[in-house]
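**Q** sequence and computational prediction follow.
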Amino acid sequence: MYELDKPIYFYLLLLIPVMWGLFAYALAYRKKRQEAFASSKLLMTLAPYRSTTALVWKYILYSLSIICITLALVNPRIGTKIEKVKMQGSDVVFALDISLSMKAEDVTPNRLSKAKQIISRTVDALGGDRIGIVVYAGSAYPLLPITSDYSAAKMFLGTAEPGMVSSQGTSLGEAIVMGQKYFDDPTVKNKLLVIISDGEDHDEDLDAKSIASAAHDAGIKIYTIGVGTTSGGPIPFRGLDGLISSYKKDSQGEVVVTKAQPDVLSSIAQSAGGEYIDGTSTQKVVDKITDILGKGEKNEYGMTEIVEYKDRYQWFAGAALLFMIADILMGYRRNRWMSRYNLFGEERPEDED
């Protein structure tokens with residue numbers, strides 16, 4: 001069992017064909033200039049200790065050094081043993097607002113992309129916790145069931161767009177009701193529902209605060225994250241070329257300006273024993289959520305096997321050092337002591353008639 005710590009460094013191997021290409025060009029150019037300068041017999045007399053074969057070996061040592069340095073930077077890690085450990089963590093469900101108002105660009109690049117970034121960065125920071133994702137606009141739908149597969153979570157998150165929900169508008173009450181269904185197991189502790197939205201709520205039939213209070217009674221804490229600005233912005237429609245073709249307009253033909261409503265999100269969080277978090281700084285949100293999860297009571301999800309890996313970059317770093325020392329000892333211009341042994345088999349002036 002092994003893994004590569006930083007495989008991106010394999011690109012350094014591209015230096016080898018570049019180096020050999022330049023070497024071949026330099027040899028051809030040198031030969032051409034030498035032929036124009038003097039005969040091969042005269043050149044051997046003038047430069048008896050210059051060896052093309054030695055130069056080739058020098059570049060072979062360069063190549064081997066680059067390979068070993070690259071492997072040292074990649075850092076192959078070899079598994080030494082397998083241990084069984086208990087899986088512990090919390091269950092957290094993200095309710096992501098994908099209504100059209102989330103396409104407003106009063107935050108960069110837009111509210112929805114910002115919300116996705118917050119969830120994705122939070123997932124990267126988790127360890128042992130299980131997550132689920134709900135998407136909602138005028139109605140709510142489960143996007144991802146509770147899972148510990150973070151790769152799948154990020155893949156499904158990337159597909160969340162306003163077109164997934166047929167009924168537009170925004171119903172925070174629907175999001176809470178759907179999120180609550182994820183926590184139907186009474187043995188689960190520390191149940192967290194995290195709503196990420198601009199705070200708009202167009203559903204007059206469902207009182208989000210009352211539903212949040214009922215969820216709290218069921219043992220669910222709700223934290224809300226606000227994205228967008230209170231000054232707001234229009235909702236653009238972009239073509240396939242990425243350029244804005246028009247803006248969303250109301251029934252009177254006026255451009256709609258959507259404004260974030262942090263007060264709505266704050267009141268919902270307070271009704272469910274949670275807290276409102278300003279989503280302006282992604283890192284601050286991630287730190288806050290991971291801190292909340294870290295302090296909460298943990299659930300036990302059974303046993304899992306983990307592999308203990310050890311770094312092996314030292315082997316390759318040592319080999320690279322040996323190849324560089326060999327290059328220094330060999331030398332391009334051999335001294336007279338080395339020339340006695342004719343290591344590279346080139347012709348000597350005295351061998352010619």
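**A** Received it, and whenever you're ready, just let me know what you need.

**Q** drop to CA atoms for contacts and neighbour counts, all remaining ones
**A** Noted.

**Q** near the nearest residue in space to residue 173 that is not next to it in sequence, how many other residues are there?
**A** Distances taken as C-alpha to C-alpha, 6 or more residues apart in numbering place residue 208 nearest to residue 173, at 4.3 Å, with adjacent residues excluded. Applying other C-alpha atoms under 10 Å, we find 24 residues neighbouring residue 208.

**Q** low-scoring pLDDT stretches of the stretch 51-200 of the chain, where are they?
**A** 51, 79-87 (pLDDT under 70).

**Q** for it, just list every one of the strands.
**A** Along the stretch 51-200 of the chain, the stretches classed as strands by DSSP state E, counting those that start in this stretch are 76-89, 91-97, 130-136, 140-147, 191-197.

**Q** what residues go with each domain of this structure?
**A** The chain breaks down by automatic domain parsing into domains covering 2-75+312-351, 85-301.

**Q** tell me the most buried of those?
**A** domain 85-301 (a mean of 19; mean count of other C-alpha atoms under 10 Å).

**Q** gap between it and the chain center?
**A** 21 Å (C-alpha atoms, centre = their mean, to the nearest Å).

**Q** tell me the phi and psi of residue 3?
**A** phi -150, psi 160 (degrees, to the nearest 10).

**Q** that one against residue 76, yeah?
**A** Yes. Between residue 3 and residue 76 a contact is recorded at 5.9 Å, counting by C-alpha atoms under 8 Å.

**Q** report the central residue of the protein.
**A** residue 124 (8.3 Å; C-alpha atoms, centre = their mean).

**Q** give me the nearest residue to it, chain neighbours excluded.
**A** Per C-alpha to C-alpha, 6+ apart, closest to residue 124 is residue 150, 7.8 Å.

**Q** circling back to that earlier point, relative to residue 285, how far out is the residue nearest to the centre of the chain?
**A** 13 Å (C-alpha to C-alpha, to the nearest Å).

**Q** which stretches of the stretch 201-350 of the chain form helices?
**A** Assigned helices in the stretch 201-350 of the chain, in chain order: 208-217, 262-271, 282-295, 313-330, 336-339 (criterion: DSSP state H, counting those that start in this stretch).

**Q** got JSON lines for those, with distance to residue 54 too?
**A** Below are the helices of the stretch 201-350 of the chain laid out as JSON lines (distance: least, C-alpha to C-alpha, whole Å):
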{"stretch": "helix 208-217", "distance to residue 54": "79"}
{"stretch": "helix 262-271", "distance to residue 54": "73"}
{"stretch": "helix 282-295", "distance to residue 54": "56"}
{"stretch": "helix 313-330", "distance to residue 54": "8"}
{"stretch": "helix 336-339", "distance to residue 54": "11"}
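
**Q** which one of the ones you listed lies closest to residue 186?
**A** Of all the helices of the stretch 201-350 of the chain, it is helix 208-217 that lies closest to residue 186, at 12.8 Å by C-alpha to C-alpha.

**Q** for that closest one, packing partners?
**A** helix 172-180, strand 220-226, helix 262-271 (3 or more C-alpha pairs under 8 Å, 6 or more residues apart in numbering; DSSP states H and E).

**Q** so for residue 326, which of these sits nearest?
**A** Comparing the helices and strands packed on helix 208-217 by C-alpha to C-alpha, strand 220-226 comes nearest, at 60.8 Å.

**Q** relative to strand 91-97, how tilted is the closest one?
**A** Between strand 220-226 and strand 91-97, the angle comes out at 40 degrees (axes from the mean of the first three to the mean of the last three C-alpha atoms, to 10 degrees).

**Q** what's in contact with strand 220-226?
**A** 180, 190-199, 212, 215-216, 260-262, 265-266, 268-269, 272-280, 285 (C-alpha atoms under 8 Å, 6 or more residues apart in numbering).

**Q** repeat for stretch 309-322
**A** Contacts for stretch 309-322 (C-alpha under 8 Å, 6+ apart): 2, 64-69, 71-81.

**Q** can I get the CA coordinates of stretch 274-291 in PDB?
**A** The C-alpha coordinates for stretch 274-291 follow below in PDB (Å, rounded to 0.1, in the frame of the first residue of the first chain):
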ATOM      1  CA  GLY A 274     -28.500  28.500  17.100                       C
ATOM      2  CA  GLU A 275     -26.800  31.600  15.800                       C
ATOM      3  CA  TYR A 276     -26.600  33.900  12.800                       C
ATOM      4  CA  ILE A 277     -23.200  34.000  11.000                       C
ATOM      5  CA  ASP A 278     -22.200  36.700   8.500                       C
ATOM      6  CA  GLY A 279     -21.000  35.000   5.400                       C
ATOM      7  CA  THR A 280     -18.800  37.800   4.100                       C
ATOM      8  CA  SER A 281     -15.600  36.000   5.200                       C
ATOM      9  CA  THR A 282     -15.600  32.400   4.100                       C
ATOM     10  CA  GLN A 283     -12.700  31.400   6.500                       C
ATOM     11  CA  LYS A 284     -14.500  32.900   9.500                       C
ATOM     12  CA  VAL A 285     -17.600  30.900   8.700                       C
ATOM     13  CA  VAL A 286     -15.600  27.700   8.300                       C
ATOM     14  CA  ASP A 287     -13.800  28.300  11.600                       C
ATOM     15  CA  LYS A 288     -17.100  29.000  13.400                       C
ATOM     16  CA  ILE A 289     -18.900  25.900  12.000                       C
ATOM     17  CA  THR A 290     -16.000  23.500  12.800                       C
ATOM     18  CA  ASP A 291     -15.700  25.000  16.300                       C
END
